[in-house]
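Novice: need a structure here:
(chains A, B, C and D)
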2 protein chains.
Amino acid sequence: MTATRATRQRDVISRVLDHAEGPLTVGDVLEQAKNDLPSLGIATVYRTLKLLTEQGRIHPVVLDGETLYEASGKGHHHHFSCNRCGRVFTLHTCPVSLPKGTALAGGFIVQSHEVTLYGLCPECAAKNGAE
Amino acid sequence: MTATRATRQRDVISRVLDHAEGPLTVGDVLEQAKNDLPSLGIATVYRTLKLLTEQGRIHPVVLDGETLYEASGKGHHHHFSCNRCGRVFTLHTCPVSLPKGTALAGGFIVQSHEVTLYGLCPECAAKNGAE
DNA sequence: CTCATTGCAAATCTTTTGCATTCCC
DNA sequence: GGGAATGCAAAAGATTTGCAATGAG
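Specialist: Now for the predicted structure:
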């Protein structure tokens, strides 16, 4: 079997994702990881993100056509994308009640769901109409 | 101002999207439109999709990293992505109650939302465990 | 006729891959 | 030391753009 080795690169990339406030783009990850590892290459970032995803340690979130990554195990949550500043926030509330296994009319069986809310974040809402 | 002309290409592409059962990929659009317009180029498809999107006649939906397009004006709806066969269905029910303008704890103001359910479509659910 | 639009090909951008070197175990 | 992982650069996709030819109004 293929032995998976612990490397500084993987360590740094995992840490970057674990400490992030919300999901990060590949570019974000590269940039932040370079603070610790200036020689880090983009190919390694892609390879590591793929590896971590396969291991289930992180998972991809697609927002507005961009693929972002975030650490798993942060519990059930969703995202809020600000229409004004573009930042993505993590919401710890869930607006839907569809337990795994729920059956919808038509025979669809729900296993999981993703919700993204769009609107104004607190900061932008405060500024609203004041510019 | 820039006059927008009606062309056979735009007509065909719009029609393809209007008649689709669910959202289509750029490739789907090209393929189907080529039935009517064999000489159609991919660049025109991209340009037309962008134009129609700006006009609000269609809108992009990102699912599993792929950008799909669907006609607008089909009412509020969401998508169901089958984990087994990969097909995307349009759901005419909405599992959340977040009217535009709802304010969330923390001061987030919701303007719109997107929900994608993942699970088994009726066909795959029927086949389940029978293979 | 004019000029927006098209189709093609070249140019970009993003992501993946080949390979010699590095370094984990 | 052996082989997995890295970094670079080349390759492969996906999307965009330049430009001469075409076609709508």
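Novice: residues from chain A in reach of DNA strand C?
Specialist: A:5-8, A:26, A:42-43, A:46-47, A:50, A:67 (CB under 7 Å from any atom of the strand). To be clear about C-beta, it is placed using only N, CA and C from the backbone, and glycine gets the same treatment.
Novice: make a markdown table from these and add distance to chain B to it.
Specialist: Compiled in a markdown table, these are given as follows (distance: CB to the nearest CB, whole Å):
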| residue | distance to chain B |
| --- | --- |
| A:R5 | 28 |
| A:A6 | 28 |
| A:T7 | 26 |
| A:R8 | 29 |
| A:V26 | 12 |
| A:I42 | 18 |
| A:A43 | 19 |
| A:Y46 | 13 |
| A:R47 | 17 |
| A:K50 | 13 |
| A:T67 | 6 |
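Novice: buried ones among those?
Specialist: Neighbour counting with 16 or more other CB atoms under 10 Å in any protein chain shown marks none of the residues of chain A next to DNA strand C as buried.
Novice: in helices only, show me the residues you listed.
Specialist: Counting by DSSP state H, those place A:8, A:26, A:42-43, A:46-47, A:50 in helices.
Novice: ok, and which of the residues of chain A next to DNA strand C reach DNA strand D?
Specialist: Among those, DNA strand D is touched by A:5, A:7, A:42-43, A:47 when using CB under 7 Å from any atom of the strand.
Novice: hey, where'd the strands end up in chain A?
Specialist: Counting by DSSP state E, residue ranges of the strands within chain A are A:24-25, A:58-63, A:66-71, A:78-82, A:88-91, A:103-104, A:108-120.
Novice: which of those sits closest to A:S97?
Specialist: strand A:108-120 (10.1 Å; CB to CB).
Novice: tell me which parts of chain A are close to chain B?
Specialist: A:60, A:62-65, A:67, A:80, A:83, A:89, A:91, A:93, A:95-98, A:104-122, A:125-126 (CB under 8 Å from any CB of the partner chain).
Novice: quick one on the thing from earlier: in JSON lines, list the strands of chain A along with mean pLDDT and distance to B:V12.
Specialist: Below are those laid out as JSON lines (pLDDT from 0 to 100; distance: least, CB to CB, whole Å):
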{"stretch": "strand A:24-25", "mean pLDDT": "92", "distance to B:V12": "35"}
{"stretch": "strand A:58-63", "mean pLDDT": "87", "distance to B:V12": "29"}
{"stretch": "strand A:66-71", "mean pLDDT": "89", "distance to B:V12": "30"}
{"stretch": "strand A:78-82", "mean pLDDT": "87", "distance to B:V12": "33"}
{"stretch": "strand A:88-91", "mean pLDDT": "85", "distance to B:V12": "37"}
{"stretch": "strand A:103-104", "mean pLDDT": "75", "distance to B:V12": "34"}
{"stretch": "strand A:108-120", "mean pLDDT": "89", "distance to B:V12": "31"}
